[in-house]
Structure formats: structure tokens, C-alpha cells
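Peer 1: no sequence on this one, just coordinates:
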């Protein structure tokens, strides 16, 4: 499809671009309180259009189409992720609205002990650029999920990375935030370099950047040789460095704890969910589309053995174990959640070990449930820390069960879901991942599944530490406390699907399964 | 190998030599200006490789942008910092990590070499290029038809990077009026802490 015709399938992205431009313009014109209201409104409207159009396309039975001569794909898979990204960014927009005190302090400009945790600290009087950058990030993630060309994959991934660096460093006057941004840049540069090198190998052997053409050539070579060509293996392993960096899989996870701890909490919540989901989207498409990992050519009656299950399984096991073991000793809840998000990337990688339809569906379903529970947990950490003068350690959670029963109950829902215990959404997500492994059978899959289950048990230790602090430990303060109403409402909004999906997940899972059709 | 003439081979050898020597020079040079010159050599070599690959436009851009702008920018920065500016090499803590890094690099490069050797037969000969490939017209046509999206996206990427750099850098500067306030507010505490230090120093002497 040519360029002009393609535009009508690009409405979600165009809505985001319009939102970005309008926010920048509004930021220049408006003054006072109207400024923030207008910016948040514009962001919300453009996200609603983006997600709404995606959802409409998902519900109508539209055929997958190749846009811009095959560079991008408009299919159910990309539409599903468009909806997810619009939702995640919408929650983060709510999350980033500064509290009244921060707004007042930023007007006065001299409160030295202002809560440092809001995305908009006192030295940041222009909320426009923060929200505009957030929307550019969403645009980049949308493009990641729909790219069918190695060049597009690289460019959209790079847009997401560059803005993530900036957002991680937005807490001015805070050394940790600057350190986080710098570490992020250095690791990001190395990872992109390795990924580009891998892409050049894939391009070298397939002589095409289009994933579909890559797949044809790779299938032809695999059939001829009876095994996956070594060049493809090298290229893919190098590209995994870039993907692994985005989803924070071990050994590319080193930046995660520092960045998640140093960045403003709304940004951390966003980074732990949005780019991670986008990373999984692009990785699934690459494996599915370019490598044809789901249906390997059949040589002499048996499908060709691929190295992908072993690589993905090793990555998954390493990521889960590193994340969970490191999370055990953390006192800072934000840092603990950072390690836990590494562990969750490991669980999702399990689905790559069996790259069947069920495996992919379980990954995508897990991504959706993970969005709800992880965003919610970070939201509460931000809310509680705000009430305790920016204290993110476990101490600020002590006695919360008595002082703020609703907040504590909602946090418990998220933590139980993150552990993967019934009756929460996290349990269902994990159940599908493990059952995909077990149904596929084989010693390797069983071994990987066992490591996954053991890891879930380990994770119970550190999640329950927070629960114990909330309900069993006493704090010096006894008076009731309140987090901001906005945070309260948003976290309850996220807790509802976390609970409902744990009991009644069938329709959503079927929906995800049906959304897997990709342009090929 | 039949399609490659002696001149092509010689030219390829020359450019490879330039790139390798330039690369080694960049890493090994103690003097940062010599390092930048090594980088320049490598860039010129790569431009030669582009020429041989029938990408004349890229070769010109390589010289104009990288040799002309980027290396000059490096030189400016080096001059601003002073040519004596060096990294804190040789500290005790970094020695172990340097050896470790070198070891990891050695293992991976040996592995990569062996893989390269194993895959030498898999890379097929490159296809014949259509006429006009790599010229300005050819690139322009590609850029504004089939590849318009990546082209626009790279523009957006660069713009966003600039905006981000400004956003991060500008935030470090406090509003001048508030800077005065902070300075005023801080002064007494500084004096107080200074006095406290003096007190402890006296106490130590007395002890």
C-alpha cells in the first residue's frame, strides 16, 4: 500500500502526533492553572483517540494490511498493543499530575524540602515538555509494535530509548536521577550497537530488511541445510542484546535497579511497563515473522530443531533467578519492585521457550495483566512515599493496614497478584505460561517450568515482607493517613481488573488469542 | 572471486589498512588529539569502502559529516578541555575490571572469528545493483518514496534527542532569582557547620 493510502490506517499515531504538537503550543500560550489542565486534557484526548481507534479496529474483523510498502503492519497484534500502550500512558498521565502542594511550591520556587518524587519538581515549571515527551514515547512504542522492517524496528526502539534516558534524568538536583540517566545512556548505546551488528548479519544473509522477505530466505536456507544457518543464529543472538535491554532480561538488566530507583516514580512505573511491553511486542514479531519460529520447515519428516528454545529458556531462567534473588535483600520498595520487574520479564520469556500459538498468547496475556498490577503497585508506592516526605523504604508502609485500610488492601491485591497466587490476575497469567510449557512437553520445558515455579515461591518472601509491614508491624505514627484522592481512585481502578481477571479471565484470554493474527 | 579485479583488491586492501590502523590509533594513542586523528583516518578509509560498494553519495556524506563535522567537534572539545586531559587510568580498582573486560572481549572476539570462519560459505554473492544505485538521485527517490517513514522518523529522533538534551541540561540551572534566595538561605547553615567543624578540630587538639 502506498504512502497516502496508508495514512488512514495510521490514525492512532496521527492522533498522538497531533496531541504532541498541541501540547507544545498550549504550553507556550497558556498561563497559570489553565496550563496544566489544558495539557493533561490534550494528552488524555489524544490517548483516548489513539486507544479508541485501535480498539475499534480490533473489534471489527479487519484484514491485516501492509502499510508504507510493507514497512509497518496494521494487524490485530499491533492494534492490541496500541490499546495497551494508550491505557498505560493514560494511567501514567494521571499519575504525573503534580499534587497541589508541589504546584504551589513550584510557584514559590523556594521550598527546599518539596517532595522530590513528583515528576514535576520545583525546578520544572513547564509541564508541557514532560507530557509531550510521554506522548512521543507512546508513539515510538506503537511503531515498535507494528514495525515489519529492521530499520523501522531500530528507529522506533531508539526513539523509545532516547526519551527514556531523558525522562529518567528529569528529577533535577538529584544525583541519583542523573546517575540513572547516564547509566541508562551508556548501557543503551552498547545494546543498540550490538543489536545493529546483529541486524547487519541478518541483512547480510537475507539481503533484505523486510521481515517477510527475511523469513522466506531463512526458510529456504534452513530447508537446504537441515538446520538453522549459523549466520542467523549469530544475528539473532546479537539482536537479543537490544531486545533484552528493552525488556531488562539478565545479563542486560544491570541498568534497571538504578534507573528505576533514581527516576521519578511515575516515570519508573511507565518504564517498567510500557517499553517492556513494547520490547516483547517487537521480539514476538521478530521471532514469529522473520525467524518463523512458530512453524519451522519440515526436513525428512521432522521439523527442524531450532536453538531458540534453549536460548530463550536460559535467558528466562537467568532473568527470573537474578531478579528474585536480588529483590530479597531490598529495603527500598521501589528498588525491590525494580528487581521484581526483572523477574517478571523472566516469566514472560518462558513463553519464548515454546514458541507455539499458546506460548505467544500466554506472553501477551501476561503482559496485559502485568500492566495492571505493576502500575498499581508503583502508584501506591508513589502515593505512600509522598505522604512520608519521599521515604520509599519499607518503613513508610509500617502499620498502613490500620492507618489507611483501603490503600493497604489495594496494595495487598497487587502484591498477591505479582506473586502469582489465586485468585488474582497474576496467577492466571502464570498458569497459562507454565501450562504452555508443560503442554509442549520435553525435559527442557519441564526443567524451565520447575525453575519458574521455584522462583515464584522465592518471590513470595519479598512481596510478603511489604504485607507484613503493612498489617503486622506497628509504626510510631498511629493517626490515619490518606494518599491523594486521584491516586486512590486510579489504584482502585487498576485493582478491579486485577481481581476480576483472576476470577473471570476467559473472554479476555480468548480475545488475546484472536488478536494474534499478524501480517505475514 | 572472478568478478574482482586487481585494482579492486588493491583498493580494498588500502582502505582496510586505513580503517584498521586508524582504529588502533584511536584506541592506543595517549594524546587525545592523535586519537582524533586516528579516528579521521578510519573514517576516510570507510568512505573509500563506500565508494567501492557503489555508494558515492554515502562516501561524500561520510567525509562531510564525520570527517568534516564530527571529528572537528571532537577536536574542539579536546581543545576546550586541554590536550593534557586524561582519564583516571591505572587506579587500583579499575585494573581488575580492565583485565576482566579485556578477557571477555578476547573470548567473544575469538568466538566471533570462529563463527565467521564457519559461516564463510553461507554468505551468497551480493546481487547485481540496478543502475543509478547509490547516486544522489537514487537515494533521493528511495528516501521520498518507499522509505519516507524511516526518513521522517530519523528526523523526529534527532529532534527529540535535542529537545531531551536541552530539557535535561537546562533543568540544572536554577532560576537566577531563586539561586540568590537559596544562596542567602544556605549561607548561615554553611557558617554554622564551619564553626562546628572548627569546634571539633579544637576539641581534637585539646584532646
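Peer 2: Sure thing, it's come through. Remember, predicted model here, so these are calculated numbers, not experimental data.
Peer 1: only C-alpha atoms for contact and neighbour calcs from this point on.
Peer 2: OK.
Peer 1: List phi and psi for residue A:61.
Peer 2: Main-chain dihedrals, residue A:61, degrees, to the nearest 10: phi -90, psi 70.
Peer 1: measure it to residue A:13 for me?
Peer 2: Applying C-alpha to C-alpha, to the nearest Å, one obtains 20 Å for the distance of residue A:61 from residue A:13.
Peer 1: and these two? which has more neighbours close in?
Peer 2: Set residue A:61 next to residue A:13 and count neighbours by other C-alpha atoms under 10 Å in any protein chain shown: residue A:13 wins out with 26 against 9.
Peer 1: quick one, what contacts the residue in the stretch 301-450 of chain A that chain B sits nearest to?
Peer 2: The stretch 301-450 of chain A approaches chain B most closely through residue A:307 (15.2 Å), counting by C-alpha to the nearest C-alpha. Applying C-alpha atoms under 8 Å, 6 or more residues apart in numbering or on different chains to residue A:307 gives the contacts A:228, A:233.
Peer 1: what's the pLDDT at it?
Peer 2: As predicted, residue A:307 sits at a pLDDT of 86.
Peer 1: Show the pLDDT at residue A:202.
Peer 2: Reading off the model, residue A:202 has pLDDT 90.
Peer 1: Does it lie in a helix or a strand, and which?
Peer 2: helix A:175-206 (DSSP states H and E).
Peer 1: Against which helices or strands is that helix packed?
Peer 2: Here helix A:175-206 is seen to pack against helix A:150-168, helix A:211-225, helix A:230-247, helix A:255-262 when contacts are counted using 3 or more C-alpha pairs under 8 Å, 6 or more residues apart in numbering or on different chains; DSSP states H and E.
Peer 1: Just put these in a markdown table and tack on mean pLDDT.
Peer 2: A markdown table is the format used below for those (pLDDT from 0 to 100):
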| stretch | mean pLDDT |
| --- | --- |
| helix A:150-168 | 92 |
| helix A:211-225 | 87 |
| helix A:230-247 | 89 |
| helix A:255-262 | 89 |
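Peer 1: closest to residue A:135 out of the ones you listed?
Peer 2: Of all these, helix A:150-168 sits nearest to residue A:135, with 10.1 Å by C-alpha to C-alpha.
Peer 1: can you tell if that closest one touches chain B?
Peer 2: Yes: using C-alpha under 8 Å from any C-alpha of the partner chain as the criterion, contacts between helix A:150-168 and chain B involve A:151-152, A:155-156, A:158-159, A:162-163, A:166.
Peer 1: Please, where are all the strands along the stretch 401-520 of chain A?
Peer 2: Assignment of strands within the stretch 401-520 of chain A using DSSP state E, counting those that start in this stretch yields no ranges at all.
Peer 1: Quick check: which ranges of it have low pLDDT?
Peer 2: For the stretch 401-520 of chain A, the stretches flagged by pLDDT under 70 are A:519-520.
Peer 1: and residue A:503, how many neighbours does it have?
Peer 2: 15.
Peer 1: now the helix holding residue A:202: how far from the chain's centre is it?
Peer 2: Its chain's C-alpha centre lies 18 Å from the corresponding centre of helix A:175-206 when counted by C-alpha atoms, centre = their mean, to the nearest Å.
Peer 1: buried set for it?
Peer 2: By neighbour count, with 16 or more other C-alpha atoms under 10 Å in any protein chain shown as the criterion, the buried positions of helix A:175-206 are A:176-185, A:187-189, A:191-206.
Peer 1: Could you check the angle it makes with helix A:150-168?
Peer 2: With axes from the mean of the first three to the mean of the last three C-alpha atoms, to 10 degrees as the criterion, the two stretches helix A:175-206 and helix A:150-168 enclose an angle of 180 degrees.
Peer 1: got the domain boundaries for chain B?
Peer 2: Following automatic domain parsing, one finds the domains of chain B at B:1-85, B:129-173, B:175-207.
Peer 1: Figure out which of those domains is closest to chain A.
Peer 2: domain B:129-173 (5.5 Å).
Peer 1: is chain A contacted by that closest one?
Peer 2: Yes: on the criterion C-alpha under 8 Å from any C-alpha, domain B:129-173 is in touch with chain A at B:145-147, B:149-150, B:153-154, B:157, B:160-161, B:164-165, B:167-168, B:171-172.
Peer 1: Distance from the chain centre to that domain, please.
Peer 2: Relative to where its chain is centred, domain B:129-173 has its mean C-alpha point 18 Å off (C-alpha atoms, centre = their mean).
Peer 1: what pLDDT, on average, does it get?
Peer 2: The predicted confidence, averaged over domain B:129-173, sits at 83.
Peer 1: Also stretch B:13-23?
Peer 2: In this model, stretch B:13-23 has an average pLDDT of 94.
Peer 1: quick one, helices of chain B?
Peer 2: Listed in chain order, the helices of chain B (DSSP state H) span B:6-28, B:32-52, B:56-61, B:71-81, B:92-118, B:136-144, B:148-171, B:176-206.
Peer 1: Is the fifth one positioned near chain A?
Peer 2: Yes: contact of helix B:92-118 with chain A (C-alpha under 8 Å from any C-alpha) involves B:115, B:118.
Peer 1: picking that back up, now the helices and strands packed on helix A:175-206 in JSON lines, with mean neighbour count?
Peer 2: Below are those laid out as JSON lines (neighbours: other C-alpha atoms under 10 Å in any protein chain shown):
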{"stretch": "helix A:150-168", "mean neighbour count": "24"}
{"stretch": "helix A:211-225", "mean neighbour count": "19"}
{"stretch": "helix A:230-247", "mean neighbour count": "23"}
{"stretch": "helix A:255-262", "mean neighbour count": "24"}
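Peer 1: Just send those back as CSV, with distance to residue B:137 too.
Peer 2: Converted to CSV, these look like this (distance: least, C-alpha to C-alpha, whole Å):
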stretch, distance to residue B:137
helix A:150-168, 21
helix A:211-225, 26
helix A:230-247, 32
helix A:255-262, 43
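Peer 1: of those helices, which approaches residue A:6 most closely?
Peer 2: Shortest separation from residue A:6 across the helices and strands packed on helix A:175-206 is recorded for helix A:150-168, at 15.5 Å, computed as C-alpha to C-alpha.
Peer 1: Can you report how many residues neighbour residue A:60?
Peer 2: Counted with other C-alpha under 10 Å, residue A:60 comes out at 9.
Peer 1: Give me the nearest residue to residue A:408, chain neighbours excluded.
Peer 2: Excluding its sequence neighbours, the residue lying closest to residue A:408 (C-alpha to C-alpha, 6 or more residues apart in numbering or on different chains) is residue A:401, at 5.2 Å.
Peer 1: and the one you found, how many neighbours does it have?
Peer 2: Using other C-alpha under 10 Å, residue A:401 is surrounded by 23 other residues.
Peer 1: Contact residues of the stretch 201-350 of chain A facing chain B?
Peer 2: Looking at chain B, the residues of the stretch 201-350 of chain A close enough under C-alpha under 8 Å from any C-alpha are A:204-205, A:207, A:229-231, A:234.
Peer 1: Nearest to residue A:146 among these?
Peer 2: Ranked by distance to residue A:146 (C-alpha to C-alpha), these are led by residue A:207 at 21.3 Å.
Peer 1: what number of residues lie near that closest one?
Peer 2: The number of residues packed near residue A:207 is 17, by other C-alpha under 10 Å.
Peer 1: And it, how far from residue A:249?
Peer 2: Relative to residue A:249, residue A:207 is positioned 29 Å away (criterion: C-alpha to C-alpha).
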